[in-house]
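Chemist: no sequence for this one, just the structure:
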C-alpha cells in the first residue's frame, strides 16, 4: 500500500483497484475535502507504469494493487495462485497444475488473454530471467513461483501496455512484485492445508528476520526463507466428482467411437485405440480385434489369458469389441507433487543523508514430479527433419503373443507394464542486484547492476524408444539393424521379444531398461543488466511543478534449451521435439514528463527507444490525461504503442514438434466418422529468423467516482490492437491448406480415404493482427457497524466485448465467449466475464472475508460462428455439452483471522466452501473432463490453517 496524505484537489479515491477493505475504510475516515491553499507534508511514491515519483497513487494508468492484507484474506498460499484468480487473467495463463505441459513446474499469468509472453513480470521494478522451458515450446515467460510470499510488500498490476516505460513484452500489461525493503523484528509463519479427501497436502513454513534502523544505525538487513511442500492429487481419487479426471464420458452421452469413451476402443475399419491387452489388425480385412476376443476373425492362436476381465473391472460396452479402461483417470493427476524453497535477502546502507546503497539476493529451488498415462506404441512424433509415423508398429510373424501367428499384424497397445510416464523437473532461480540511490542537484537517482538466471533439468521415465520397441515386437532384419545402434538393445540376448498384456511378467529388467531408459534435457536462461534512471521536478505550471524522468539500460540475454535425448531424431514415441538457442544485446533510452497544466488537469507523456541486436530498433510513445473537475470525480485516458521482440524459441536456432487437437475435414467429408471430432495430432514448427517484433496500440478511457462517503467506483474501457503477432500457423488453417503429412496405411475401406494425419507442417509467422476490447469495473463500499465493527464489500468485473484474431489471408475469428483460441495454452477458452466479489468484516481481533470467484459460461466452439459448428458431439449427434455450451462456474472461499495477542495470530481458510463440482468440458487438453479454470472444483472443498508469530 502506498503511504498517502490528503492533497489539494485530489480525488479522495486515490487507491488502485484491489486495496484491502480495512485500509479502504481507514482512508475513507481520514479523507477530507481541502481548499486550494491547504497543504501538509507529502511522501511521494513511484507507481508501476511511471518513473516519476508522485503524491497521488491514482495516475492516468489503471493499476490494481494487492498488498499483504489482500494476499492473506484470499487464503491463497502463493502469489501465483492469487494472481491466476484475478478477473484480468484470461486464456494463455500457465497453471502449475498442468504438470504435463511444455512448461511443467512453473506458473504464469496472461493479462487480457494475450498470452504469458505478452505480460511483463518485474521484481522490484526490474526484469527477471524467464523460466527455462517455454510454454508450448514458444512462449517465454516469468515463473511466478519464484516469488517468496512472506517477503512481498505488495503486487501492482498495470492493466494496460507499458512498453514506453519498460520496453519489450509489456503489450498486455505489467505485474510488478515489490518485496520488503526494510524490516525490523522476526516473524514465523506456518500453515497446513488438506482437502476434504485428505490428500493434496500443502505445508508452508517461513521465517523473516530483520535488524538495523536506517535512521539510527544507518543500515538495515533482512532475510526471508520459505519452504513449501504440495502433495499430488490423483484423478482416480476424484472418481465421485462427475466428469473430473475422466476420459471415459460415455455415461454423459458420449461414444467410445469419439475418443471420449475411454482408452482401447476399436472405432472403425483400420482404426483402433491402444488397449491394455492389445488390439491387433487382421492382415486381410484390416479390421482390428482385441487379443482377448475368442471370436477374433482369422486368429491362428487364441489367448484366454488376454480376456479383458483379467485386466480391469472398468465398464465395457465398446461396439467394436475393444477392451476399455480409463487410463487418464487411473494414471494422471489433477495436481503434481512439488517442493519449493525460497530465499530472499536485502541489505541497505545509508552512506549519508542523501545516498544509500543496497544489495538484493533471491534464490529459489523447486522439484516437481508429475505423472500421466502410459505410452502407447503407435503415437506419432516429429522432429525438425519431418514427421515420424508409428502406425506401422506390428507384432512380428513369430511373436509369441501374435494371434495371427505366421503373419505380421499391426498392434495398438497401451504399455501399462512399463508404467506411467513420469516427469521430474528441478528448477533453480537466482537473482542478485547491487545498486545505489540518492539525490544530487535536485535529481532523484537510482542505478544498479543485475544478474538473473534460471536453470531447469527435466528427467523423464516411462517413454518408449521407437527403434527398440519396433525391434522387440517385430524383429525384422531392418528393425533389428536400426535398433543395434542402441547399446542397451545390442546387449540383449538374440531373439529377445517384448511380451505384452498377460505375458508382460515374462519380460526381464534388461528388456525394460532398453525399452524405456530415463531421458533428460536441460535449459537455462540468463539476464545481465545495468540501468540508470533519474527524476526531478522543475518549473511551475498552474497545477504544480513539472516532473521529468530520464534513464537508460543495457542488458544481455541468453537462452538455451537442449533437446530431450532421442527426440532430435524422432526416436521417443509420442514425445515432441523442442530445442532452441539464442542470445542478444538490448539497449534503451527513455524519457517521461508529467505536466499538471491546471490544478484539475494532469498530462503525461513518455518516449522510449530500444535497440535489439537481432531485430533492430523500436520507438514506443505514450500519452496520458487525468482530469479532476471536482474532488470526488476524475476522468483518465491513455494511448500507448508497444512491442514484443521475438524470443530465441521463435527466431533462434532449433525447432518444435508438439501436439495439438484438430479434426480432419477431408476424411470427415468422406464419411470417416472418427475424423470429424478433434483428436491429437503432431505439429512441426520451425523458427523463423525473419520475424519482426510484434507491435501494439493500447487505448483506455475511464472514470473514478466517489458518489457517496465510503463508496468508490471506477470504470475503464480499454482496447489493445496487436499486429505482426508471432504465432504458429493456425492448425486447422494449415490442414485446410493441405500442409500435412499423412499415413496412407491407416486408410479405411472408404473410397478416396488418404489415411490419417501424422503431422501438420507449420512455422512461426507474423500474423496480421489481434484486437481485444473490454471493460473493467471496480466498485467498493464500506459500512461502519458501530460496536459491531466494519463491513467492506468489493467487486471487480472484467468483460470482453471481442477477442478477434485476423490471419494473413484476411480471415478473422472472434474467440470471445468461445472455447478458442486452442492454439493458446491448454485450450481453456475465453470467457466473456470473470468476476471477483468479496465481503470483509472486521471487529476487534477478528477479520473474516468471503470471496466469490465467477467464470462465465462460453460456447463449445473453436470461435464465434464457426461454420463447422460445435466442437464436440454426443453419441446421438447432438451438440455437446448442454447444447454446445460450457456451463459457468462459481466458487466461494472463506477466510478468518484471529489475533490471539499482539504477537500471535491464528488464521484459517476454506476454499470452495460449498464443494462445487466443475462443469463438463470435453475439449480442453489442460485437464481431463473439466476446464483448468475450474481447478478448485476438481480438488473440492479445501482447508488450510496456520499461525503467525511476530517478536
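Modeler: Structure received. What you see is a predicted model, and the numbers here were worked out from it, not measured in a lab. Numbering: from 1, shown residues only.

Chemist: Residue 165 against residue 610, yeah?
Modeler: No: the pair residue 165 and residue 610 does not pass the contact test of CB atoms under 8 Å, sitting 11.6 Å apart. C-beta coordinates here come from the backbone N, C-alpha and C atoms, glycine included.

Chemist: Of these two, give the one with the bigger neighbour count.
Modeler: Set side by side, residue 165 and residue 610 show more neighbours around residue 165, with 25 against 22, by other CB atoms under 10 Å.

Chemist: name the element that one belongs to?
Modeler: Here residue 165 sits within helix 163-166, counting by DSSP states H and E.

Chemist: chain center to that helix, what's the gap?
Modeler: 24 Å (CA atoms, centre = their mean, to the nearest Å).

Chemist: can you list contacts of the next helix or strand after that helix?
Modeler: Remark: after helix 163-166, the chain's next helix or strand is strand 173-179, criterion DSSP H and E. Residues from elsewhere that reach strand 173-179 (CB atoms under 8 Å, 6 or more residues apart in numbering): 48-49, 79, 83, 88, 109, 111-112, 119-125, 144, 147-148, 151-162, 166, 344, 346, 360.

Chemist: pull the longest strand from this structure.
Modeler: strand 756-784 (DSSP state E).

Chemist: can you pull the buried residues of the following helix or strand past that strand?
Modeler: Once strand 756-784 ends, the next helix or strand along the chain (criterion: DSSP H and E) is strand 790-806. The neighbour-count check on strand 790-806 (16 or more other CB atoms under 10 Å) flags 790-806 as buried.

Chemist: Okay, angle between strand 790-806 and strand 756-784 too, please.
Modeler: Relative orientation of strand 790-806 versus strand 756-784 (axes from the mean of the first three to the mean of the last three CA atoms, to 10 degrees): 150 degrees.

Chemist: Following the chain onward from strand 790-806, which element is next?
Modeler: Counting by DSSP H and E, what follows strand 790-806 is strand 812-814.

Chemist: circling back to that earlier point, mind giving me the packing neighbours of the helix holding residue 165?
Modeler: With contacts taken as 3 or more CB pairs under 8 Å, 6 or more residues apart in numbering; DSSP states H and E, helix 163-166 sits against strand 578-598, strand 601-612, strand 616-630, strand 633-644.

Chemist: And the residue sitting furthest away from the middle of the chain, how close does it get to residue 407?
Modeler: Centroid-distance maximum for the chain: residue 300 at 51.4 Å, with CA atoms, centre = their mean. Distance of residue 300 to residue 407, computed by CB to CB, to the nearest Å: 8 Å.

Chemist: Also residue 576?
Modeler: Applying CB to CB, the value for residue 576 to residue 407 is 33 Å.

Chemist: Which members of the contacts of strand 173-179 occur in helices, if any?
Modeler: Using DSSP state H, the members of these that fall in helices are 79, 83, 166.

Chemist: Looking at these, which one is closest to residue 753?
Modeler: Relative to residue 753, the closest of the ones in helices among the contacts of strand 173-179 is residue 83; by CB to CB it sits at 48.0 Å.

Chemist: show me the residues around that closest one that make contact.
Modeler: 66, 89, 109, 144, 155, 157, 175.

Chemist: I'd like to know which of these is nearest to residue 928.
Modeler: Lowest distance from residue 928 to those (CB to CB) belongs to residue 89, with 22.0 Å.

Chemist: Next, count neighbours for that closest one.
Modeler: By the criterion of other CB under 10 Å, residue 89 has 23 neighbours.

Chemist: show me where the stretch 301-450 of the chain has helices.
Modeler: Here the stretch 301-450 of the chain has its helices, by DSSP state H, counting those that start in this stretch, at 327-331.
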